[in-house]
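# make a model of this:
(one chain, ligands or ions: 2)
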Amino acid sequence: IEVLNRVPVIWVNLQDCAGNSEALLRADGPTVDELILDIISLEFHELLMAPSGEAAEIQLEDAMTTFKGEYLLFVEGSIPTADGGIYGTIGTSGEKYVDHIKRVAVDAAGIVAVGTCATYGGVSAAYPNPTGACGVMDIIKDKPIVNIPACPANPANMLGVILMYAMTGELPELDTLLRPKFAFGTRIHDTCERRVHFDAGEYVEEWGDAAAQAGHCLYKMGCKGPMTFNNCPTVKFNRGESWPVAAGHGCIGCSEPGFFDKFNHFEAP
Ligand code: SF4
Ligand code: F3S
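Ligands and ions are numbered 1, 2, ... in the order given. Take a look at the predicted model:
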């Protein structure tokens, strides 16, 4: 892969589980070591870097100064805003996440929000959302933002954005929710391998029944593929091995805004 420059990347984790970082570690083309050693210059990532504590804070400051206006800022996790933002703090100064993200974003060339938490607030924004969790685009209004939702975001989609930027200096074409069209332009339902069974009226009615064993459609078991835009059926996960519907469970719409409440996983008013 020929890159223009090794793009400096700062990756911050906020109110999150680090599942998107874990997903990136399992990328297969390029692998994470090829990504870090040949394509980007990973300047800051709490999970992957050696420094910790004050040394990590110094590393972040150095990167922001050295690559001012050049770095891509990846954000993983939601931003708590209730009660002045006290529910999420970071560093030796106890800086609130909401202040932290604004400060680190100021000199970024662009921002990539990875995972449903960083894009729409995710699980922590589910009713009653006690921390007032929200996504990056609710806080930062003056920077180019790319949203890569899902829980976790597919590493192929993260890499697609990184590689395009590294090779062309451009961010991808986006839809109205700031999602790359190359990844979120189709509904799960329209590329699902079980779609022939939906069209034929062949549904799983009970877990483990004969239709389940035959791989029939999971719509009656609650599959949200018809309401969800993502490329899971074609890109899949774990080196193209499988994806939720292939594994026998319907799509829960994890990449849609407000999916926890909208799709009734938990009781909402
Ligand atoms: Fe659509 Fe889900 Fe049925 Fe696939 S399993 S065809 S996504 S309803
Ligand atoms: Fe999420 Fe549905 Fe894909 S649950 S991972 S959007 S199949």
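# which stretches of the stretch 1-150 of the chain have low pLDDT?
By pLDDT under 70, the weakly predicted segments of the stretch 1-150 of the chain are 1.
# and it, which residues reach ligand 1?
Residues of the stretch 1-150 of the chain lying close to ligand 1 (Cβ under 6 Å from any ligand atom): none. The way it works is simple: take the backbone N, C-alpha and C, and place the C-beta from them, glycine included.
# mind listing the helices for the stretch 1-150 of the chain?
Across the stretch 1-150 of the chain, reading from the start of the chain, the helices by DSSP state H, counting those that start in this stretch fall at 19-25, 32-34, 53-66, 97-105, 115-120.
# quick check: residues of the stretch 1-150 of the chain near ligand 2?
Checking the stretch 1-150 of the chain against ligand 2 by Cβ under 6 Å from any ligand atom, the hits are A150.
# out of the helices of the stretch 1-150 of the chain, nearest to T81?
With Cβ to Cβ, the closest approach to T81 among the helices of the stretch 1-150 of the chain belongs to helix 97-105: 5.7 Å.
# please identify the deepest-packed of the helices of the stretch 1-150 of the chain.
Using mean count of other Cβ atoms under 10 Å, the stretch among the helices of the stretch 1-150 of the chain with the largest mean neighbour count is helix 115-120, at a mean of 30.
# what's across from the closest residue to A118 other than its chain neighbours in the sheet?
The spatially closest residue to A118, leaving aside those adjacent along the chain, is V75, at 4.6 Å (Cβ to Cβ, 6 or more residues apart in numbering). For V75, the residues forming beta bridges with it (DSSP bridges) are V12, A113.
# V75 contacts I10, doesn't it?
No: V75 is beyond contact range of I10, at 9.4 Å (criterion: Cβ atoms under 8 Å).
# neighbour count: those two, which is higher?
V75 (31 against 22; other Cβ atoms under 10 Å).
# hang on, the earlier thing: possible to save the helices of the stretch 1-150 of the chain as JSON lines with distance to F198?
Supplementary listing: these in JSON lines, determined by distance: least, Cβ to Cβ, whole Å:
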{"stretch": "helix 19-25", "distance to F198": "28"}
{"stretch": "helix 32-34", "distance to F198": "36"}
{"stretch": "helix 53-66", "distance to F198": "49"}
{"stretch": "helix 97-105", "distance to F198": "41"}
{"stretch": "helix 115-120", "distance to F198": "25"}
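# closest one to Q213 among these?
Taking Cβ to Cβ as the criterion, Q213 comes closest to helix 19-25 out of these, the separation being 29.6 Å.
# distance of E34 relative to E70?
Distance, E34 to E70, by Cβ to Cβ, to the nearest Å: 21 Å.
# nearest the geometric middle of the chain, what residue?
With distances taken as Cα atoms, centre = their mean, G115 lies nearest the centre of the chain, 2.1 Å away.
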